[in-house]
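**Q** Give the three-dimensional model of this entry:
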Amino acid sequence: MKTNCKRELHAGVMYFSKMKQIEMLVFAASMLIFGLGVLIAIADQDMFRSFVIVEDGILEWTTVLAIGAAAAVSFGRLVAGFRTFGPMKKFLLLSIVVLAIFGIGEEISWGQRLLGFKAPQWFFENNSQRELNVHNLVIGDVRFHKDVFPKVLLLFFLLYLGVFVPLYNNSAKIRRLADTWGVPVPQNYQIVGYIAVIVIVEGFLKMATDGLPRRGELTEFMISIIVALNIVYPRNRAIYSMEPT
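**A** Numbers count the residues shown, from 1 in each chain. Below is the predicted model of the structure:
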């Protein structure tokens, strides 16, 4: 009996170690791509525009893969725990899947460039890229990719990192509630990553390049990777076990 328990414990440790290696490999590789993008933006802005942030380039497809991984893992958790998870945890997992699918669709303009079809007339007339997506809409003087989405996301991250995480760390009641609902809590390196990306792009890179246009593509890329890691490898990952909650 003791031998079996030791074998199971060893197998569990090895599995965790392997997952941790994958997690760190993804983060390190993404930071390397991000860092190269920053260096290219400073050294050669023409190359930055024509190679780094080009449509259907490495940044865009890596972002799609990261969001897709978060969607797949969340859907897998939902299916595996459907009979034991509480309604709020199931709702939150389903919400992550839906939002991730929306994010992927927006990133590739819902397959418009891949399939080669023309955007519907309304989107053609009201989209800055004349494509089928919401984030590039321009309605009157409101540019969704500059005036709406960044502000909504900034507010979300301020509340998530600046309010929720401190409450989770210091309140047992909030911690129990968040774990019961299945809210993924970021690890420390993920929190540092979120902040570092904003500081590097909107602080250092903005000053070094005199406000380089579309530098936000780098932010979008790296934040998407960290969000995916945050969802797949949260600090409270044990809440997705099959125990009733």
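**Q** Could you list the buried residues of stretch 178-197?
**A** 178-179, 181-187, 190-191, 193-194, 196-197 (16 or more other Cβ atoms under 10 Å). Heads up, the C-betas are built off the backbone N, CA and C, glycines and all.
**Q** Skipping adjacent residues, who's closest to Asn126 in space?
**A** Once flanking residues are discounted, Asn126 sits nearest to Leu137: 5.6 Å by Cβ to Cβ, 6 or more residues apart in numbering.
**Q** Okay, strands next: where are they in the chain?
**A** 138-139, 142-143 (DSSP state E).
**Q** Just put those strands in CSV and tack on mean neighbour count and distance to Ala172.
**A** Shown next, in CSV, are the strands of the chain (neighbours: other Cβ atoms under 10 Å; distance: least, Cβ to Cβ, whole Å):
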stretch, mean neighbour count, distance to Ala172
strand 138-139, 13, 45
strand 142-143, 12, 43
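**Q** Could you dump those into a markdown table and include distance to Phe51?
**A** Shown next, in a markdown table, are those (distance: least, Cβ to Cβ, whole Å):
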| stretch | distance to Phe51 |
| --- | --- |
| strand 138-139 | 27 |
| strand 142-143 | 25 |
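**Q** and Leu32, which of those is closest to it?
**A** strand 142-143 (31.6 Å; Cβ to Cβ).
**Q** Run a quick neighbour tally on the residue nearest to Asn126.
**A** Counted by other Cβ atoms under 10 Å, the residues lying close to Leu137 total 19.
**Q** ok now do it, which residues does it touch?
**A** For Leu137, the contact set (Cβ atoms under 8 Å, 6 or more residues apart in numbering) comprises Phe123, Asn126, Asn127, Ser128, Arg143, Phe144.
**Q** between these, which is nearest Arg77?
**A** Closest to Arg77, out of all of these and judged by Cβ to Cβ, is Phe144, at 31.1 Å.
**Q** contacting residues for Lys89?
**A** Per Cβ under 8 Å, 6+ apart, neighbours of Lys89: Gly81, Thr180, Trp181, Gly182, Ile239, Thr245.
**Q** would you list these in TSV and tack on distance to Gly37?
**A** Converted to TSV, the contacts of Lys89 look like this (distance: Cβ to Cβ, whole Å):
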residue	distance to Gly37
Gly81	38
Thr180	39
Trp181	36
Gly182	33
Ile239	34
Thr245	40
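**Q** Which ones among those lie within helices?
**A** The helices, defined by DSSP state H, take in Thr180, Trp181 from the contacts of Lys89.
**Q** Now render the contacts of Lys89 as TSV, adding distance to Leu153 and pLDDT.
**A** Formatted as TSV, those follow (distance: Cβ to Cβ, whole Å; pLDDT from 0 to 100):
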residue	distance to Leu153	pLDDT
Gly81	28	94
Thr180	26	95
Trp181	21	96
Gly182	21	96
Ile239	25	94
Thr245	29	43
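**Q** about what we covered before: could you pick out the buried ones from the contacts of Leu137?
**A** Phe123, Asn127, Phe144.
**Q** Please list all residues in contact with the residue nearest to Ile96 when sequence neighbours are not counted.
**A** If the residues on either side of it in the chain are set aside, Ile96 comes closest to Ser74, at 4.4 Å by Cβ to Cβ, 6+ apart. By Cβ under 8 Å, 6+ apart, the contact list for Ser74 reads Leu93, Ile96, Val97, Ala100, Ile231.
**Q** Let me know the closest of those residues to Leu155.
**A** Ile96 (18.5 Å).
**Q** In this structure that closest one contacts Ala72, no?
**A** No. The criterion here is Cβ atoms under 8 Å, and Ile96 misses it with Ala72 at 10.8 Å.
**Q** any idea how far Val227 lies from Asp44?
**A** 29 Å (Cβ to Cβ, to the nearest Å).
**Q** So what does Gly140 have for phi and psi?
**A** With angles defined as degrees, to the nearest 10, Gly140 sits at phi 70, psi -120.
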